[in-house]
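Undergrad: quick one: sequence plus predicted model below, questions after.
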Amino acid sequence: RPDGELESAPDYLSGDTREKLAQAEAAAALDPKYQRNVDALKDVIPADLGPADIIVSMGATWLSPEIYQTFAYDLFKGEAQVQVKYVAGGGYWKLNLVRGHGAVVLSTDWGTQRMPADKLLEYAINQGSPIVTDTIGTGDDKKTVVNQEETLAAQAKMEAIKERFRSWIWEDAGRIADLVPEYNRKFNTLVARTYDGKHLTFPGMNPVWVKRFYPHQRALVHRVVASRGNVLAFFPMGSGKTAAYVAAAMELKRLNQTRMSVIVVHSRTFGQFMREAQELYPAARIMGLSAGTHSAAERMQGLAEAAQGTYDLVIMPHEMAKRIPVREQTLRDFYGRRIAELEAAILEEREEGDRATVRELESAKANLEARLEARAEKMAKSKAEGFTWEDAFAGSYLFYDEAQKVKNLGYVTRRMRKVKGLGTA
């Protein structure tokens, strides 16, 4: 590599190849020996995509606010003008109508009387869904109801705005010249690293299983061992993920890349994982930890033994994993990073004098702080089996089966509403 470090060809010729090519070209300009790096990277770098290959959705954060402002100006035929900015701390776009209040175009061509086009544009850019409501009744009987007809009309106008944007973005040669190279530089850069695992011999595995191991299982084990980082694996039912997980865990242990591994599984497959793991590696030290089949004293003893490094592999169901907390400082550090981002965004918006955005960000920060304290209080009340994850499993590799169970972990959004499966902070 240009920095003098040695790296295998499969590793070097994968990942962000455009960035690596830029580094190699800079090095080759000073030392011709790095021209071979340049040539090798050019052979694998993804071919540039053109406008016909790129779909740009409204709300894409790689586009500048000026792009959206120009679109709005063209859409409203110059009769109205909006100011657009991205609030990074809150993860949303903010639009202000600065000229053209009451313009006919806002309530006819691209909007309705109840939902003007500038508001629909803001919904569209934030991937939201406009809802028009009416207040009916009086006194204690007063309530708010959705006006279905007006809501459908507003949503139809918003879809028309989105459709217009998709064609508008590539209608100008200047935009094409600016945006196509930027898109390729930012998003068309990655080359996947390939793994096959053909060289793996699996010392300690039952010889019967070694012969039965499929290529895709070998590939996963190779990937886990070689990547030394997060790995997302997609296994159809019945394709052998249990054996692949266990083999990967035992290879990590054998190569001293981890102190032990922890596999968290669904309760209905806990018994299967235990049986198959013991059949795969008869001599391995494997512990099953289940809230349903072990007493509190047995679980505490098991965690104590895990903390001492007694086992090669620990298997537990999701329910058991949830009983074991992290240290309070770990929790506060996790939430603290997000709170710090919001605090920085608040300071930036306050300097710009945007009071409305400051209030929104302060509300998001308060909600996050309340959530942190609620989680900390809940953890403090829990007996927690007497151990934290850090106490029992420091230096371990975690396999989490059926990761969709934790797909709704931390994010903050205040503008994307009425989206199934997506909450707001």
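TA: All right, it came through fine.

Undergrad: which strands and helices lie in contact with the helix or strand of the chain with the lowest mean pLDDT?
TA: Every helix and strand in the chain was compared by mean pLDDT, DSSP states H and E; the lowest is helix 296-307, with a mean of 79. Judged by 3 or more C-beta pairs under 8 Å, 6 or more residues apart in numbering; DSSP states H and E, the packing partners of helix 296-307 are strand 286-288, helix 389-393. C-beta: built from backbone N, CA, C; applies to glycine.

Undergrad: which one of those lies nearest to Val87?
TA: Ranking the helices and strands packed on helix 296-307 by their distance to Val87 (criterion: C-beta to C-beta) puts helix 389-393 first, at 34.2 Å.

Undergrad: shaky segments in this structure?
TA: For the chain, the stretches with pLDDT under 70 are 291-294, 382-386, 407-425.

Undergrad: try 50 this time
TA: Residues of the chain meeting the criterion pLDDT under 50: 384, 414-421, 424-425.

Undergrad: that one: strands as residue ranges?
TA: For the chain, the strands defined by DSSP state E occupy 15-16, 81-87, 92-99, 133-136, 143-146, 190-191, 261-265, 286-288, 313-317, 397-400.

Undergrad: quick one: closest of the ones you listed to Pro207.
TA: Closest among the strands of the chain, using C-beta to C-beta: strand 286-288, at 18.6 Å.

Undergrad: report the longest helix in this structure, please.
TA: helix 355-381 (DSSP state H).

Undergrad: got the buried residues for that helix?
TA: 357-358, 360-362, 364-365, 368, 372, 375 (16 or more other C-beta atoms under 10 Å).

Undergrad: for that helix, the distance to its chain's centre please.
TA: Taking C-alpha atoms, centre = their mean, to the nearest Å, one finds helix 355-381 lying 21 Å from the centre of the chain it belongs to.

Undergrad: what helices and strands are in contact with that helix?
TA: strand 81-87, helix 328-351.

Undergrad: just say which of these is most tucked in.
TA: strand 81-87 (a mean of 18; mean count of other C-beta atoms under 10 Å).

Undergrad: what is that one packed up against?
TA: helix 65-75, strand 92-99, helix 117-125, helix 355-381.

Undergrad: pull the residues that contact that strand.
TA: Outside strand 81-87, the residues that touch it by C-beta atoms under 8 Å, 6 or more residues apart in numbering are 61, 65-66, 68-69, 72-73, 92-100, 118, 121, 125, 345, 349, 357, 360-361.

Undergrad: what lines up beside that strand in the sheet?
TA: strand 92-99 (antiparallel) (DSSP bridges).

Undergrad: and the strand it pairs with, C-alpha only, in CSV?
TA: Taking C-alpha atoms only, strand 92-99 is exported to CSV below (Å, rounded to 0.1, in the frame of the first residue of the first chain):
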residue,chain,number,x,y,z
TYR,A,92,-34.7,16.7,8.8
TRP,A,93,-35.0,19.5,6.2
LYS,A,94,-36.6,22.8,7.1
LEU,A,95,-38.3,25.0,4.5
ASN,A,96,-39.5,28.6,4.9
LEU,A,97,-41.6,30.5,2.4
VAL,A,98,-39.7,33.8,2.0
ARG,A,99,-41.6,35.2,-1.0
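
Undergrad: can you give me the buried ones in that strand?
TA: Residues 92-95, 97 are the ones in strand 92-99 that count as buried (16+ other C-beta under 10 Å).

Undergrad: just how off-centre is that strand within its chain?
TA: On C-alpha atoms, centre = their mean, the centre of strand 92-99 falls 27 Å from that of its chain.

Undergrad: what angle do helix 355-381 and that strand make with each other?
TA: Going by axes from the mean of the first three to the mean of the last three C-alpha atoms, to 10 degrees, strand 92-99 is angled at 160 degrees with respect to helix 355-381.

Undergrad: quick check: angle from strand 92-99 to helix 328-351?
TA: Using the same axes, to 10 degrees: strand 92-99 against helix 328-351 is 10 degrees.

Undergrad: quick check: angle from strand 92-99 to helix 117-125?
TA: Using the same axes, to 10 degrees: strand 92-99 against helix 117-125 is 160 degrees.

Undergrad: and Trp110, which of the strands of the chain is closest to it?
TA: Closest to Trp110 of these is strand 81-87 (C-beta to C-beta; 12.1 Å).

Undergrad: run the angle between that closest one and helix 65-75 for me.
TA: Going by the same axes, to 10 degrees, strand 81-87 makes 150 degrees with helix 65-75.

Undergrad: now do the contacts for Val221.
TA: With C-beta under 8 Å, 6+ apart as the criterion, the residues that contact Val221 are 197, 200, 202, 244, 247-248, 251.

Undergrad: if I look at Ala117, how far off is Glu163?
TA: Distance of Ala117 to Glu163, given as C-beta to C-beta, to the nearest Å: 14 Å.

Undergrad: those two: who's more crowded?
TA: Ala117 (29 against 11; other C-beta atoms under 10 Å).

Undergrad: ok, the nearest residue to that one once chain neighbours are set aside to Val105 distance?
TA: The shortest distance from Ala117 to any non-neighbouring residue, by C-beta to C-beta, 6 or more residues apart in numbering, is to Gly111 (3.3 Å). For Gly111, the distance to Val105 equals 8 Å [C-beta to C-beta].

Undergrad: identify the contacts common to those two.
TA: Ala117.

Undergrad: who's more crowded, those two?
TA: Taking other C-beta under 10 Å, Gly111 and Val105 do not tie; Gly111 has more neighbours (25 against 17).

Undergrad: now do that one against Leu97, distance only.
TA: 11 Å.

Undergrad: and Ala284, how far is that from Leu313?
TA: Between Ala284 and Leu313 the computed distance is 6 Å (C-beta to C-beta).

Undergrad: for these two, indicate the residue with more neighbours.
TA: Neighbours per residue (other C-beta under 10 Å) separate Ala284 from Leu313, with Leu313 holding more: 27 against 17.

Undergrad: pretty sure the more buried one sits against Leu289.
TA: No: look at Leu313 against Leu289 with C-beta atoms under 8 Å: they stay out of range, at 11.0 Å.

Undergrad: with that, I have no additional questions.
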